[in-house]
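**Q** The following comprises the amino acid sequence and a computationally predicted model.
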Amino acid sequence: MNSHDLVIVGAGLAGMRAALEGVKAGINVAVVSKIHPLRSHSCAAQGGVNAAIDPADSRESHAYDTVKGADYIGDEDAIDLMCQVAPECILEMDAWGTPFSRLEGGLIAQRPFGGASFDRTCYAADRTGMVLLHTLWEQLVKAGVQVYEECSIIKLSKNSDGHVAGLVLYDIKTGSIYPIQAKAVLMATGGYGRVFISNTNATTNTGDGMALALRAGAPLADMEFVQFHPTGLLTSGVLVTEGARGEGGILINASGERFMAKYAPNRKELASRDVVSRAEQTEIIEGRGKNGGIFIDLRHLGAAKILERLPQIRQLAIDLEGVDPIHDPIPVRPTMHYSMGGIRTDKYGETPLPGLFAAGEAACISVHGANRLGGNSLLDTIVFGKITGERVSNYVKGMSTTPDFPMSDVEECIVEFNNLKHRPDTGVKAVGLHTTVATSINLNCGVFRKPEGLNKISGEIDGWRKEYEKVSVEDKSDVFNIDLLRAWELKNQIDLAECVVRGALARTESRGAHSRTDYTERDDKNWRKHTLTTWNESSQKVDISYGEVRTVGNPDYVPKVRTY
């Protein structure tokens, strides 16, 4: 059995940045990824990464914008930490060779983003996530970190004392199932966008890390806060970066009317994402859209600026929508993009489950609260990848022995996969059930949430679980059996869907990305608190409880009304 001091699950920005801290600390660290690291979803981030590196800006201003954007439910100690460390982390990435776009004098270029009071979003054209990922991959290769590539985690294991002992892996290349022992595990598995039928996420974003942590006894937090990005391509949902609006793009309806002044008279297209998404959805609902979408218009920017600053967006629009933004507006719609919720941690990424840490979108630290500001997700990954990596490295260095690994977990996983693979054909396929689940979640738990829709999904969850027990797979092979993997991942998505819906149904207010049609106002007196979901083994469902928001400064501070 392979054994490491620390196993990091996920080779995106958070996971790779944490691994480098493990190398720096001198511990034995390994990374597990179900795809090649350079295919991690971090590479899809386009617009930029926030940091107060301009002398005219301030870290305090960045922190306030983040608290306000989070609709006052973000944990202020974590937000302050992120914004204070941000410039250091960006300059570190710059020193490692990240090819940021530059001003004429050589300084890192910054563009405006939604909800920000200063142009603090550093960028590399519209490929920022990709260049950050490639930079960290170079450092990881240089450091010689072991990577278990194309391996999916299928169980988070604990010893008899309840301490994390490692993982059970499914090797996609061979079909083998085997354990990895560890003193600690860091989940950096990203989000769960595939729970929604229309999303900007990769097909690998199935929330496995969150779901396995939940089943192992770690709480998830704020799962009802799901961000819809205002500009996903109409047909495919593929992301059109907020940088397109930061560069001056405007939103228009089917009549060519620029409508954001009605909803956010000061910031217009650069209001926070929840505000812009609701404005767009309102235009569509009230009949001013076209084919279920609206348009982002870049034509006035001119060909030179589009080709310099937004070349990938132009190519995506041409390839996927048949539209050249130099000549025509791009059809877009609000599309599920990001989860503010995740595995509950403190500001250093440590969870209540001994030996389990989390960072990036898989974690709820919570710096994004009810609504993430554009440019803060890439920042979250590299800041808390660094901070959590340092924290967990010190944690394992303080352990004298490695927890015993329960080999019964491996046998349990082998039985589960064999049963799924060799189940008689029942006519229930994973792709069909996934479409049913994801379509229902999208329709009834989207930008606007109605009580009848939430109750409808809540009543469907038990049926989905029963249908899952009938799922059969056509591919019976061992090598690269993606049919089998997708079927297994579906169980995780149903668990997470329940967390989202149960939290949304219970939260009787509107805050950030959670917008109830029957409770339209924010209720700070009763609902300025985090939703916590835990797995109940006896009922095989999730339980809901609540936790306090961590604040700094005046405990009697009253959150303000957000204006844009």
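**A** Cool, the structure landed. None of the values given here were measured: they were computed from a predicted structure.
**Q** Go through this protein and flag its longest helix.
**A** Looking across the chain with DSSP state H, the single longest helix is helix 482-506.
**Q** Touching the next helix or strand after it from outside, list them.
**A** Next helix or strand after helix 482-506 toward the C-terminus (DSSP states H and E): helix 524-527. Contacting residues not belonging to helix 524-527 are listed as 72, 507-509, 511, 558-559 [C-beta atoms under 8 Å, 6 or more residues apart in numbering]. For the C-beta atoms, the positions are set from N, CA and C on the backbone; glycine is no exception.
**Q** Over to stretch 138-150?
**A** The contact list for stretch 138-150 (C-beta under 8 Å, 6+ apart) reads 4, 11, 16, 19-20, 22-23, 29-37, 96-97, 169, 171-173, 180.
**Q** ok, back up a step: looking at pLDDT only, which of the contacts of helix 524-527 scores worst?
**A** For those, the weakest pLDDT value sits at V558, with 70.
**Q** Inside helices: which ones of the contacts of stretch 138-150?
**A** 16, 19-20, 22-23.
**Q** D404: which of those residues is nearest?
**A** Nearest to D404 among the ones in helices among the contacts of stretch 138-150: G22, at 22.2 Å, using C-beta to C-beta.
**Q** sorry, back to before: ranking the ones in helices among the contacts of stretch 138-150 by neighbours, who comes first?
**A** When neighbours are counted by other C-beta atoms under 10 Å, M16 leads the ones in helices among the contacts of stretch 138-150 with 32 neighbours.
**Q** Could I get the pLDDT score of that one?
**A** Confidence at M16, expressed as pLDDT, is 98.
**Q** State the distance from the residue of the chain positioned farthest from its centre to N159.
**A** For the chain, the residue at maximal distance from the C-alpha centroid (C-alpha atoms, centre = their mean) is P424, at 35.7 Å. P424 sits 37 Å away from N159, going by C-beta to C-beta, to the nearest Å.
**Q** Also S58?
**A** Here S58 is placed at a distance of 47 Å from N159 (C-beta to C-beta).
**Q** Can you give me the distance of the residue nearest to L20 when sequence neighbours are not counted to A95?
**A** Distances taken as C-beta to C-beta, 6 or more residues apart in numbering place Q139 nearest to L20, at 5.7 Å, with adjacent residues excluded. Q139 sits 11 Å away from A95, going by C-beta to C-beta.
**Q** Q315 too?
**A** Q315 is 30 Å from A95, where distance means C-beta to C-beta.
**Q** likewise V415?
**A** V415 is 50 Å from A95, by C-beta to C-beta.
**Q** neighbours around the closest residue to S40 other than its chain neighbours, how many?
**A** Nearest residue to S40, sequence neighbours excluded (C-beta to C-beta, 6+ apart): G12, at 3.8 Å. Residue neighbour count, defined by other C-beta under 10 Å, stands at 30 for G12.
**Q** residues touching G12, list them.
**A** 37, 40-42, 133, 188, 190, 360, 381.
**Q** again with E283
**A** With C-beta under 8 Å, 6+ apart, E283 has these contacts: 253, 259, 289, 294.
**Q** which strands and helices sit next to the helix or strand hosting G547?
**A** Per DSSP H and E: G547 is located in strand 541-548. On a contact count with 3 or more C-beta pairs under 8 Å, 6 or more residues apart in numbering; DSSP states H and E, strand 541-548 meets helix 482-506, strand 529-536.
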